[in-house]
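*Asks:* I need the structure of the sequence given here:
(2 chains)
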Amino acid sequence: MNRRDFIQYSVAATGISTIVASCKPENKIKGSILGASFSVGHLLRDKQFSSPSSVEVKQVAIIGSGVSGLTAARQLRQQGIEGMVVLELEKRIGGNATNGENLISAYPLGAHYVPIPNNDLKEYLNFLKSANVITAFTKEGLPIYNESFLCFDPEERLYINGKWQEGLIPQYGVPVNDLQEIERFLQQMQEFRLAKGRDGKDAFSIPTNHSSEDPDFIKLDALTMKEWMVHKGFTSEYLHWYVNYCTRDDFGTPYHICSAWAGIHYFAGRKGKAANADYSDVLTWPEGNGFLIRELSKDLHDYIRTETLVTKVVKESDHVIVQYYDVKSKVLREIKAEQCILAIPQFVAVRLLKDNSRIETVKANFQYAPWMVANIVTDEVEERSGQPLSWDNVIYGSESLGYVDATHQLLQQHTVKKNLTYYLPLTKMNPVDERNQAQNKKHEEWVKQIISELKLVHPNIESAVKEINITLWGHAMVQPVPGMIHGNLRKELARSIGNSIHFAHTDISGISIFEEAFYQGLEAAKKVIQYVGQ
Amino acid sequence: MQTKENKAQWILLLAVFVIATCGLIYELVAGTLASYLLGDSVTQFSTIIGAYLFSMGIGSFLSKYLGGNLLQWFVRIELMVGFIGGFSSPLLFIVFPLANSFQIILYTLVGITGVLVGLEIPLLMRILEHKVEFKELVSRVFTFDYIGALLASLIFPLLLVPQLGLIRTSLFFGILNIGVGWYLLHYFSAELKRAALLKLTAVFLLLIELVAFVFSEKILKYSETMAFNDQIIYAVSSPYQRIVLTRNKRELRLFLNGNLQFSSADEYRYHEALVHPALSSVTKPSNVLVLGGGDGLAVREILKYQTVKNITLVDLDPEMTKLFKSQSVLLKLNKESLLNKKVKIINQDAFIWLRENQQKFDAIIIDFPDPSSFSVGKLYSTLFYQLVRTAIKTEGIIVIQSTSPYVAPKSFWCIDQTLKSVGFFTRPYHNYVPSFGEWGYIIATPAEKEISFHSLPSGLKFLDSATLEQLFIFPEDMRTKAELQLNKLNNQALVHYFEEEWSKYLE
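*Replies:* Here you go, the predicted model:
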């Protein structure tokens, strides 16, 4: 925004807001609360179903059309498996990576970017090539990324000490001692990034399962990130804020709960090299990872059935019985499949399997972070000084993770209105209480909370905002608490049942990132191909 | 006692003198500002003076409702006039960009100042009514009032505006006004209630005005309107930009977001240099694309080629093309180029339009604003130039206005390198445009070819074949040794260079 605009908006803002405030009791912002279908989902817990009205025979049934499920389906399709069905509870496919759209642009409802991939992830790189995210490879084999998808500059800004600074690592107005400590911390993370275990593997790898088993690194999974920092003598308040921001951002888990191994993985897992990008760069789209969902599901539409609530998955002699409630026609149906992939979180999977001991184990050990994501439609907002509106905009010390501007990655120069996606992992209390509180919260209450936070950086936000739609993710991602990643439970739960029921979800890899989901799907597909037709 | 009374009387009369000067100054400031910002000085001055005098009338009428300690009222009014009048000019400058309600704010300020000034003389006369004989009182008060007015009307145009400028003038008289109030407070503190509180207020207001006076340069900086030394004849805000046209005796100027786009006095130098080197080297150009250039001035030059059958102009802002299709002074300037049947105008984002475009052109003229913001910077990126490449014929030629190689060599050569990186062969050149200074352009061709200039159209004012050859010579001070980044969407290197170089230059 230039100076003249600034004056205009600020004068308009103060002028108009006082006028509006004086003659209208309150500016009612429209919008609604969307959410993963709680009500339909809870049928599973609460309703008794009778016998199915139709039976089909299929080679493979995939339950869940998030990144894992779609990757598995895509892989199977490429291997020539046609007798396949993908069942999805929601109206839209994509799970956490789904997106919405309005007249201004598409916008994410959940996951909204992927970092530059590590170069050893061949299958993933090939997928990105087929999606034209990678346009070509250099002679040396380095990927060349499509410049429309590399996040445009200016990428990130942080509002701190009364000003928007460039980048998210606190700098502006930060005392020298703190800056030095932050520098020391980042240096240490850099060492972890390059570190290899005695087994020759990267200490921190993606997928996590490829990481070194060297006890020197695994022991980091025994304590929390905060404990590790304190132990290492990191005391800077600014640094602690930043690290906590990072673990909440990637894992929905505050750093005093998050495993130190996972926390460090956030900084040390990325090693991607490219001809025209750096490992710290990100790929993004106006619709967020919805773009990747579209690419993954390109040839899969004939196989996907949305609004289907799977009620039961049991192994019966040489096949798997999958029963599902067809929400649209309100009848129960059955699929007899040779192979089944449960590409859904464990807390749902165990209910389908009707395995009581498994239900108890998951309940006792898996914590899922609830998230609130708000899609804000707004006119141009008044700005504070410093770096102009960027892709990712974060307020130091705030409860939320800030907001992402979906229109940032559009090619056009200018959109009059913006789609801002605001992210809030609900981590103040334990997940169960947070979830209950979130489900009972009214639209106005969310709006009030969001506006009062954003007012600090955009004084006229209340009058500029046209609409706010809330999406609640009750179980957005598993929390990588200590022991989760390098404990045995995750591996036990990931084990296939009788060579015919396989699991694919990020909760059994410990961290919820795109690559983990992708390789979960890929691994499950490999197992299916091994056993199908036997 | 008698002398004390006498002295008091003279002090009050002196106050009348100062007040009268201040009062008239506020009126003149408002009138000047209105005609300066809104144009049409006769109407503006006339209505401002009318409104001001009328408000004074209201003030005089209202004065009868003021009772109690009149001196107290008088001091209060002094402070208020000093504050409101003093800040009227900075305030008006700042709110001017809010064009729609500017007049309301202007006349409200004039009204309030008028009412307060109108209260002063009647109040003063009532204060003095028992101290001085009536005929003496009327005579003295009005004498001082009118002398003050004369003084104001003389020093305002001769001394104040040239020396102090409008903002400082109004602040200066605000300070004077409050100074009078403060002195009266000091002198008559015995007769006043809660004098300490009033004094505190006076000192506080005085301080604010002093600060504003000292920092008036900063206020000025915040108000781009000061940048226009001429009369504004047209101003409109589109969703994309603020378009302002100014005029003086010599020239017409167009500003977009406060940046000069052209001056009618020398724009031919820019537009001839932009269009002809490229177009004259194309054999029989037929289809030409113009990106940006909603003023139709590049189109005017293109139309000088008889072989040109179609010109497609893609400019984001419909306000801009509408303006240059309808305003008579502008039609005269662009020779009604945008109304020509050969010209097709598309109001769309160039990036988006190019992505959808299937046509190939003989020549593409790119006349975007300078890359001073991230949004415009996109139109100078590798990805954009890749798209431009798809729209040019193999034998075609492209030219890009590329800011000043003298002021911003890094920016200029960054554009050159960016073009080369996507496979263009480039021929950078420059010329002198008095309003802009030394200005740069880059010719880009998809194939390497010797550029030979065919005959230039007749009737050009700047270019001829001898001048043409010289444009391609770059002296050392328009080059850079710095290692330059390519301008990409994910680094916006050009915007960073541009900001760095121009801010240094404008310091």
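
*Asks:* tell me the helix or strand right after the helix or strand B:Leu291 falls within.
*Replies:* According to DSSP states H and E, B:Leu291 maps onto strand B:287-292. Using DSSP H and E, the helix or strand that follows strand B:287-292 in sequence is helix B:297-302.

*Asks:* does the strand holding B:Leu291 reach chain A?
*Replies:* No: contact check for strand B:287-292 against chain A, using C-beta under 8 Å from any C-beta of the partner chain: none in range, with a minimum separation of 10.7 Å. C-beta here means a position set from N, CA and C on the backbone, and glycine is covered the same way.

*Asks:* identify the residues contacting residue 30.
*Replies:* In the absence of a named chain, chain A is used. In this structure, A:Lys30 makes contact with A:Lys466, A:Glu467, A:Ile468, judged by C-beta atoms under 8 Å, 6 or more residues apart in numbering or on different chains.

*Asks:* switch to chain B, that's the one I care about
*Replies:* Contact criterion C-beta under 8 Å, 6+ apart gives B:Ile48, B:Tyr52, B:Ser88, B:Leu92, B:Leu106, B:Leu109, B:Val110, B:Thr113 as the residues in contact with B:Ala30.

*Asks:* quick check: buried residues in the helix or strand harbouring it?
*Replies:* When secondary structure is defined using DSSP H and E, the element that contains B:Ala30 is helix B:2-38. Within helix B:2-38, the residues that qualify as buried by neighbour count (16 or more other C-beta atoms under 10 Å in any protein chain shown) are B:8-9, B:12-13, B:15-38.

*Asks:* residues in the stretch 351-500 of chain A within reach of chain B, list them.
*Replies:* When proximity is defined as C-beta under 8 Å from any C-beta, the stretch 351-500 of chain A approaches chain B at A:Pro388, A:Leu411, A:Gln412, A:Gln413, A:His414, A:Val416.

*Asks:* can you flag the buried ones in those?
*Replies:* When burial is judged by neighbour count using 16+ other C-beta under 10 Å, the buried members of those are A:Leu411, A:Gln412, A:Gln413, A:His414.

*Asks:* now the end-to-end length of stretch B:325-335.
*Replies:* The first and final residues of stretch B:325-335 sit 10 Å from each other (C-alpha to C-alpha, to the nearest Å).

*Asks:* could you pull out the buried residues of that stretch?
*Replies:* Of the residues in stretch B:325-335, those buried by neighbour count under the rule 16+ other C-beta under 10 Å are B:Lys325, B:Leu330, B:Leu331, B:Leu333, B:Asn334, B:Lys335.

*Asks:* ok, and the closest non-adjacent residue to the fifth one?
*Replies:* When you say that, I think you mean B:Asn334. Counting by C-beta to C-beta, 6 or more residues apart in numbering or on different chains, B:Asn334 lies nearest to B:Gly296, which is 3.8 Å off, once chain neighbours are set aside.

*Asks:* what's the answer for A:Met84, then?
*Replies:* Spatial nearest neighbour of A:Met84, chain neighbours left out: A:Val60 (4.6 Å); criterion: C-beta to C-beta, 6+ apart.

*Asks:* report whether that neighbour is found in a strand, as I expect.
*Replies:* Yes: the assignment for A:Val60 (DSSP: H, G, I helix; E, B strand; the rest coil) places it in a strand.

*Asks:* wait, B:Phe368 sits on B:Gln401?
*Replies:* Yes: assessed by C-beta atoms under 8 Å, B:Phe368 is found in contact with B:Gln401 at 7.0 Å.

*Asks:* tell me which element A:Arg333 is part of?
*Replies:* Per DSSP H and E: A:Arg333 is located in strand A:331-342.

*Asks:* sheet-wise, list the partners of that strand with their directions.
*Replies:* In the sheet containing strand A:331-342, the strands it pairs with under DSSP bridges are strand A:55-63 (parallel), strand A:319-326 (antiparallel), strand A:501-503 (parallel).

*Asks:* which stretch among those comes nearest B:Leu468?
*Replies:* If you check each of the strands paired with strand A:331-342 against B:Leu468 by C-beta to C-beta, strand A:55-63 wins as the nearest, at 68.3 Å.
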